[in-house]
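K.L.:
let me see the structure of the following:
(2 chains)
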2 protein chains.
Amino acid sequence: MTAQFPRHDTRLDRFVDRYAARTHGMKVSAVRALFAVANRPEIVSLAGGMPNIKDLPLGDIASNMASMIASNGMQVMQYGSGQGEPRIREQICDVMALEGISAHPDDVMISAGSQQGLDLVTRIFCDPGDVVLAESPSYVGAIGTFLSYQAEVVHVPSDESGIDPQALRETVGRLQAENKRIKFLYTIPNYSNPSGITQPWERRLEVLEACRELGILVVEDNPYGLLSLDAEPVPAMRSVDEDVIYLGSFSKTFAPGFRVGWVLAPHAVREKLVLAQESATLCPPVFSQFAISNYLENSDWEGQIALFRDMYRVRRDAMLKALADHMPSGTSWTHPIGGFFVWVTLPAGIDTQAMLPRGVDARVAFVPGAAFYADGQGARNARLSYCFPPADRIVTGVERFADVVRNELDMLNIFGVTAPAKHPQTSGPGADIY
Amino acid sequence: MTAQFPRHDTRLDRFVDRYAARTHGMKVSAVRALFAVANRPEIVSLAGGMPNIKDLPLGDIASNMASMIASNGMQVMQYGSGQGEPRIREQICDVMALEGISAHPDDVMISAGSQQGLDLVTRIFCDPGDVVLAESPSYVGAIGTFLSYQAEVVHVPSDESGIDPQALRETVGRLQAENKRIKFLYTIPNYSNPSGITQPWERRLEVLEACRELGILVVEDNPYGLLSLDAEPVPAMRSVDEDVIYLGSFSKTFAPGFRVGWVLAPHAVREKLVLAQESATLCPPVFSQFAISNYLENSDWEGQIALFRDMYRVRRDAMLKALADHMPSGTSWTHPIGGFFVWVTLPAGIDTQAMLPRGVDARVAFVPGAAFYADGQGARNARLSYCFPPADRIVTGVERFADVVRNELDMLNIFGVTAPAKHPQTSGPGADIY
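P.N.:
Numbering: from 1, shown residues only, chains lettered A, B, ... in the order given. From the prediction side, this is the model:
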């Protein structure tokens, strides 16, 4: 048959008048095109947050999964529970016990990656205009999700121990005086993305105490928790407060391609989350859940995490040494004890978003700090990740980065400013910056 | 360490004052507890919409997937594209060509099941109070999603050929006179869930023509399209109108446990959908996409669909014959030429939701018709599915169902009414009624 309705020119958005209000905030990130370029092999990408999974025992995983399909294919390929499969929820309770959490499998809901857990938590709590509190800086993907629900993201001043409880009290007081509705505090206490900062135990208790007094829910996001590089992990906030909504993930401790994360929440909240999950996907990926269950059952997953730690430790050390060796004076950076990221602070006047094209030209990619703020801060910051490239490439990348910064400082000395220092926040983490 | 914060009684919802407005509409379906009971082996469930995947070649799938992991594990277990993997988007274009659709892979976005496609389409288009038009009756999971975005669902009167174009014009005229914003028409033209009705080609063109004149977007949901039982499928609406937003799925033609569906949309809309997807999950399930790609590449998937058709045809025939043999006079039902469902209409005065406990007591489960309306209609209807139980169980189930209906009619004759005839719509498809 022939087309009875005309083909339109689809380059312009003819649908622009039809979208929901929330959609007008969804824009392609300005740095996205650059990251596409950054995937070229000659460029060292210190931008990506992809875990390095090359040491996984692929042969064992392949044969275990084949057995699972042959023996239980009818179940693992069928629809499943909206809450997630019972067995993996039990196993997740064992995983969380490693960080001091005592939980019941019925309080766990599986999500399509912890990103979806965050999406559904935001969905059930946030009306347009509600406030979400976050560290300063905070995870770009979380900020994008909060904004997609038309929430307002307010950064709480944070220091080298994470959120400052006194600043938290002041921020909440100010917002309440403005009659803002604060829905929750979103925090990544372990090896935060992007700052690499770990919140000490005493500070966690102070933040929890402040939130309890102020009536603020805490959402604790802990994708990197088991990837401690120097010492045993600090226990999770959830380990002492059962009202904390806790987000976990297998993306960094096993593999992200299965898209399996979880939310541990008080019973009533978990019930709402499951209703939201059914409306969003009917059920989270069933095959993926069984695949991970199978891996946890049949492989030495704790031994594998120890291997991952050893590998990331070498890379972290390479990055910190290269920064110390090459960065010009007036710059500083964090010293992560786990996770994937180092947060660099450059002299005032530098704009890392304007600097990025010059970085890519010099064959090094990083994420400009502005991506990790909803309010235009971060112009003088950059996130460098040491998770994906091998150590020698990391050293090369940091050398290039330091050269670019040095050139930028020269320009700053000559012209007084390198570029406009505020950029609008765009939605979504985009590309592979996670 | 000891718990420093007290354990609360979690049976009451202490969080009720904190939820978003949309969350207050999320309630557990009244029939849910009954469906849990309906999974007991002595009960014939004609309620579930689960495909019967027992004829899949599990051995082949297992060995192909093992090879895939061993040879390409680093890619299939890593993060992927927010839009979905390029290869499967090409293969999906080949699948859609079977229903007359010519599409470019760049206009396809992968979703975590077509339910998530629907969720994201609703997300980008619907503000609270916006209207979504739907068939009468329409898919319970879609209604739940629309309501979760606080959209108003308005059913367009439909007949044995699906949506009535004249009634569509009248409905739109009335809504526009009320200054309602209509966002799209949601329609399942093939073997509709729950009605089993197939819209003839000429009627599809009339509906498209009306929508074009009225300026209404069309969202065509086609999970069952290739499961025609008597003749070749009618071409999709999208085959003649590139503005149609089309939802597809592998859940019924392969297996639902991978949670892979897709949306084909005009370029600008597809861009917004990908931004929404990244905010919702970062990327749809990567491993699942490669698994299905692998299946399409290495297995006789068209031959498998032919096998599925043969199996469902036997079951459909068994159900229709049993209904003809056993149902009392004054009842009627649809005669599907594909898909999974028969829609039964009982005499006025019957309330199938009130009848359900008596059905379960008589060891047969069905879905009360009210689930498929947002406005309280459907009290005299029931959805019977023939997809999952074997033919002899279907016959037993229909015999039991007919007995329950007969008893109900006796009660109606004695008391004049069996129960209140309107029930509030609750959110989410719940359990396994899909």
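K.L.:
what residues does the stretch 201-350 of chain A put near chain B?
P.N.:
A:205, A:208, A:212, A:217, A:235, A:239-243, A:251, A:255-259, A:266-269, A:271-272, A:275-276, A:278-288, A:290-291 (C-beta under 8 Å from any C-beta of the partner chain). For every residue, glycine as well, the C-beta is placed using N, CA and C.
K.L.:
give me the subset of those that lies in helices.
P.N.:
If you go by DSSP state H, these have A:205, A:208, A:212, A:267-269, A:271-272, A:275-276, A:278-281, A:286-288, A:290-291 in helices.
K.L.:
could you flag which of those are buried?
P.N.:
Among these, those classed as buried by 16 or more other C-beta atoms under 10 Å in any protein chain shown are A:205, A:208, A:267-269, A:271-272, A:275-276, A:278-281, A:286-288, A:290-291.
K.L.:
so where's the stretch 201-350 of chain A uncertain?
P.N.:
Regions of the stretch 201-350 of chain A meeting the criterion pLDDT under 70 are absent.
K.L.:
repeat that with 90
P.N.:
By pLDDT under 90, the low-scoring segments of the stretch 201-350 of chain A are A:231-233.
K.L.:
the stretch 1-150 of chain A too?
P.N.:
Counting by pLDDT under 90, the stretch 1-150 of chain A contains low-confidence ranges at A:1-13, A:24-40, A:48-49.
K.L.:
please redo it, this time with the cut-off set to 80
P.N.:
A:1-12, A:27-39 (pLDDT under 80).
K.L.:
now do the helices in it.
P.N.:
A:32-38, A:58-76, A:86-97, A:113-125, A:140-148 (DSSP state H, counting those that start in this stretch).
K.L.:
will you turn those helices into CSV that also has distance to chain B and mean neighbour count?
P.N.:
Listed next are the helices of the stretch 1-150 of chain A as CSV, based on distance: least, C-beta to the nearest C-beta, whole Å; neighbours: other C-beta atoms under 10 Å in any protein chain shown:
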stretch, distance to chain B, mean neighbour count
helix A:32-38, 10, 17
helix A:58-76, 4, 18
helix A:86-97, 13, 18
helix A:113-125, 5, 28
helix A:140-148, 4, 27
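K.L.:
skipping its backbone neighbours, what lies nearest the residue nearest to the spatial centre of chain A in space?
P.N.:
Centroid-nearest residue in chain A, with C-alpha atoms, centre = their mean: A:Tyr139, separated by 4.9 Å. Leaving aside its chain neighbours, A:Tyr139 sits nearest to A:Asn193 (4.7 Å; criterion: C-beta to C-beta, 6 or more residues apart in numbering or on different chains).
K.L.:
contacting residues around that neighbour?
P.N.:
Counting by C-beta atoms under 8 Å, 6 or more residues apart in numbering or on different chains, A:Asn193 makes contact with A:49, A:139, A:223-224, A:339-341, A:383, A:434.
K.L.:
and which of those residues is nearest chain B?
P.N.:
A:Tyr434 (6.7 Å; C-beta to the nearest C-beta).
K.L.:
so can I have JSON lines of the helices of the stretch 1-150 of chain A showing distance to A:His24?
P.N.:
Shown next, in JSON lines, are the helices of the stretch 1-150 of chain A (distance: least, C-beta to C-beta, whole Å):
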{"stretch": "helix A:32-38", "distance to A:His24": "18"}
{"stretch": "helix A:58-76", "distance to A:His24": "41"}
{"stretch": "helix A:86-97", "distance to A:His24": "37"}
{"stretch": "helix A:113-125", "distance to A:His24": "18"}
{"stretch": "helix A:140-148", "distance to A:His24": "11"}
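K.L.:
relative to B:Val154, which of these is closest?
P.N.:
helix A:113-125 (23.8 Å; C-beta to C-beta).
K.L.:
tell me what angle the closest one forms with helix B:140-148.
P.N.:
Counting by axes from the mean of the first three to the mean of the last three C-alpha atoms, to 10 degrees, helix A:113-125 points 60 degrees away from the direction of helix B:140-148.
K.L.:
quick revisit: assess the claim that the residue nearest to the centre of chain A and A:Ile188 are in contact.
P.N.:
Yes. Using C-beta atoms under 8 Å, A:Tyr139 and A:Ile188 qualify as a contacting pair, with a distance of 6.2 Å.
K.L.:
any common contacting residues for the two?
P.N.:
With C-beta under 8 Å, 6+ apart as the test, A:Tyr139 and A:Ile188 both reach A:Asp221.
K.L.:
quick one: contacts for the residue nearest to the centre of chain A?
P.N.:
A:188, A:192-194, A:221, A:372.
K.L.:
most neighbours among those, please name it.
P.N.:
A:Pro194 (31 neighbours; other C-beta atoms under 10 Å in any protein chain shown).
K.L.:
any idea how far A:Met65 lies from A:Ser385?
P.N.:
29 Å (C-beta to C-beta, to the nearest Å).
K.L.:
for A:Ile305, find the nearest of the helices of the stretch 1-150 of chain A.
P.N.:
With C-beta to C-beta, the closest approach to A:Ile305 among the helices of the stretch 1-150 of chain A belongs to helix A:86-97: 9.8 Å.
K.L.:
export the closest one to PDB, keeping only CA atoms.
P.N.:
Written as PDB, here are the backbone C-alpha positions of helix A:86-97 (Å, rounded to 0.1, in the frame of the first residue of the first chain):
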ATOM      1  CA  PRO A  86      12.100 -13.400  46.200                       C
ATOM      2  CA  ARG A  87      15.500 -15.100  46.100                       C
ATOM      3  CA  ILE A  88      17.500 -12.100  44.900                       C
ATOM      4  CA  ARG A  89      15.800 -10.000  47.600                       C
ATOM      5  CA  GLU A  90      17.100 -12.400  50.200                       C
ATOM      6  CA  GLN A  91      20.600 -12.400  48.700                       C
ATOM      7  CA  ILE A  92      20.500  -8.600  48.600                       C
ATOM      8  CA  CYS A  93      19.900  -8.600  52.400                       C
ATOM      9  CA  ASP A  94      23.100 -10.600  52.700                       C
ATOM     10  CA  VAL A  95      25.000  -8.100  50.500                       C
ATOM     11  CA  MET A  96      23.700  -5.200  52.600                       C
ATOM     12  CA  ALA A  97      24.700  -7.000  55.800                       C
END
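K.L.:
which residues touch that helix?
P.N.:
Contacts for helix A:86-97 (C-beta under 8 Å, 6+ apart): A:83, A:101, A:103-106, A:108, A:110, A:226, A:236, A:238, A:246, A:248, A:253, A:260, A:262, A:264, A:289-290, A:292-293, A:296-297.
K.L.:
which of those are buried? Put it as a PyMOL command.
P.N.:
A single PyMOL command is used to select the members of those judged buried by 16+ other C-beta under 10 Å:
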select buried, chain A and resi 83+101+103+105+108+110+226+236+238+246+248+253+260+262+264+289+290+292+293+296
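K.L.:
mind listing which of the contacts of helix A:86-97 are in strands?
P.N.:
A:108, A:110, A:246, A:248, A:262, A:264 (DSSP state E).
K.L.:
what's across from the second one in the sheet?
P.N.:
So that's A:Ile110. Legend: beta-bridge partners of A:Ile110 under DSSP bridges are A:Trp262.
K.L.:
tell me how far it lies from chain B.
P.N.:
11 Å (C-beta to the nearest C-beta, to the nearest Å).
K.L.:
that residue and A:Arg259 touch, don't they?
P.N.:
No. Between A:Ile110 and A:Arg259 no contact is recorded; they are 10.0 Å apart, counting by C-beta under 8 Å.
K.L.:
which one, of the helices of the stretch 1-150 of chain A, ends up nearest to B:Gln304?
P.N.:
Once those are compared by C-beta to C-beta, helix A:58-76 is nearest, at 13.5 Å.
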